[in-house]
Every structure is written in C-alpha cells, then in structure tokens.
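J.: my questions are about this predicted structure, shown below with the sequence.
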Amino acid sequence: MENLLNTPIINGTSIMDVLTIEFIASAVGSVLTAIIILIIGFSVGGWVSRRVENIGRKHKHLDETLFIFLGNIVRYIIIGFSFLFVLNTFGVQTTSVVAIIGAASLAIGLALQGTLSNIAAGVMIIFFRPIKLGDFVTIDDQSGTVKAINLNYIEMASVGNVQIIIPNSEVWGNTIVNYSVYPQRRAEWTIGVGYGANLAVAEQTIIDTIMADPRSLSDPEPFIQVSNLNDSSVDFLVRVWCDRAEYFQYQADMTRKVKEALDAAGVDIPFPTRTMVMAKTDD
C-alpha cells in the first residue's frame, strides 16, 4: 500500500503528495485564482466593449454598427487573454496552447469555408458601410429596412414587417440598391388623357396640382412632357423631386389628386374600349 501511495503520477508528484494539506491548499488556491481571473476578464471585457459601443452612439457622424463590431472584438480578445492567464496559473505552457489553437483554427477554417466567406464579407460590409442600420434597401430582390448587421448575416424587416435574413456573402456579392443614402428622391408618374383633350389645359392642371403640394420641390425643376401616343391615350411623363422620407405617400397622394383635378377640369382620362361590329349575313 505504501509503495502505491509513493508511486509518481505526474511531474514526480506521488499520490501521497496529492493527499497532503499543502497540495490541496495550493490546488484550491489555483482554482480560486482562476475563477477570479475569469470574473475580472469577463467584467473588464464587457465594460470596455460597452465603452467602445457608446462612442458610436454618442457621435452621430460615426457608424454605430462599426463600433459594435469593434467592441465585440475587444471583448473577445480580453476574454481570450484571461483564459491564457488561467492556463498559466495551472502551469500549462501557453506557447504550446497557442500553437494548438493555430493548428485547430486552420482545420476549422478548411471545414467552414462558407461560414468564413460570410464573416469576411461581414467585415467588408462593416468597414466600407454600403448599408447602415435603418437604411431601406433592396438586395437580391428582397426589400426591407436593415435591422441588424452581424458577422454572418444581415437582418431586414420587409414592408409587411416580415423578418428577412440574408448571408453576408450574398449581400457583398450582389447589387445593393440603397434608398436611404440621398436626402431627396424623384417621383415619377405616367398620366394618360384622351385624344380629344386640350393638352395645354391638361398639362397645366397636372403640374399646378402637384406643385401646390408643400412636399413638392421646385429645385430641381419639375419635368412634364408628352411621352407617348398610346392606342387610346396621350401620355404625360411627370417627374418631381421630394424629400426621401415623403416619397411613397407623396407619390400615392399625387396620383389621386391629379385624377380628381383632371375630372374637375373636364379633362377626359380614357380607358381601353372595344367596338364590336356585327355584320348581318343573308341566310
């Protein structure tokens, strides 16, 4: 029994040595130290991350998404160093651990090429900022308001408030139509009147009705011209600028107001008709 207790198990330490009060006290001390280091690491990481994120929130000219991304990176770095300190507390050579992590990262990277491409695209999106939180965009025939930009995907809410998830690699590799970049947009209508209508009256009625609305901008100058001679109508092409936030409601409102104004002015708005001629045949 005595020989068994004196048998070395690791680094010359025998079972008898492990059972001593000094060894147990040392082990408990190392465990407590490791717990304290991890608590401090997570606390400091979270505190620094929040401070970095607040920089983006306080200054409107800075991109909040970029600072959220940087805050997460700082937090993970601090937590990673905390784990290295813990391993060092237990006598583990951290240089070998770093080498193992590097080899494992290479293997994981080869297995997760698709995921890594999403992460790489996410970094490009965050740094070059083709889209930002709150932008209304169209990507890969999907339209919506950007709600979140993560390393793997972006989250959008459609006009009907339906969640849309698009992988970052598809975002970065696709054409992005961003409706929220410029402060003004150009509204456009095609309005048809009958061939018997007075074109001068129709044109003046259309432009007066639209420009009477306070949302219509006179600079850039509005545009109205006859654009097409259809089978049953003469078409006016109308282009007027408005503020970006007013665009959708403005365009719908003007369509209704122009129709009512043309009716009041006695200008006919045609609709397709067919004339049927029945020939009488002798029996």
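T.: Good, I have the coordinates.

J.: off-centre distance for stretch 195-213?
T.: Using C-alpha atoms, centre = their mean, to the nearest Å, the mean C-alpha position of stretch 195-213 is found 42 Å from that of the whole chain.

J.: nope, stretch 142-157 is what I was after
T.: The answer for stretch 142-157 is 3 Å, by C-alpha atoms, centre = their mean.

J.: show me which residues of that stretch are buried.
T.: 144-146, 149-151, 153-154, 156 (16 or more other C-beta atoms under 10 Å). For every residue, glycine as well, the C-beta is placed using N, CA and C.

J.: got the residues you listed as CSV, with distance to Thr255, pLDDT and secondary structure columns?
T.: Below are those laid out as CSV (distance: C-beta to C-beta, whole Å; pLDDT from 0 to 100; DSSP: H, G, I helix; E, B strand; the rest coil):
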residue, distance to Thr255, pLDDT, secondary structure
Gly144, 24, 93, strand
Thr145, 24, 94, strand
Val146, 28, 93, strand
Ile149, 35, 85, strand
Asn150, 39, 81, coil
Leu151, 43, 76, coil
Tyr153, 37, 88, strand
Ile154, 33, 91, strand
Met156, 27, 94, strand
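
J.: and the residues you listed, which is closest to Ile207?
T.: Thr145 (32.9 Å; C-beta to C-beta).

J.: quick check, pLDDT for Arg75.
T.: Note for Arg75: predicted pLDDT of 82.

J.: same thing with Ile9?
T.: Ile9 is given a pLDDT of 51.

J.: cool, and Leu110?
T.: 53.

J.: and for Gly173?
T.: Gly173 is given a pLDDT of 84.

J.: cool, Asp263 as well?
T.: 92.

J.: and whichever strand or helix holds it, what does it pack against?
T.: Per DSSP states H and E, Asp263 falls inside helix 247-264. Secondary-structure packing of helix 247-264 (3 or more C-beta pairs under 8 Å, 6 or more residues apart in numbering; DSSP states H and E): strand 184-193, helix 199-211.
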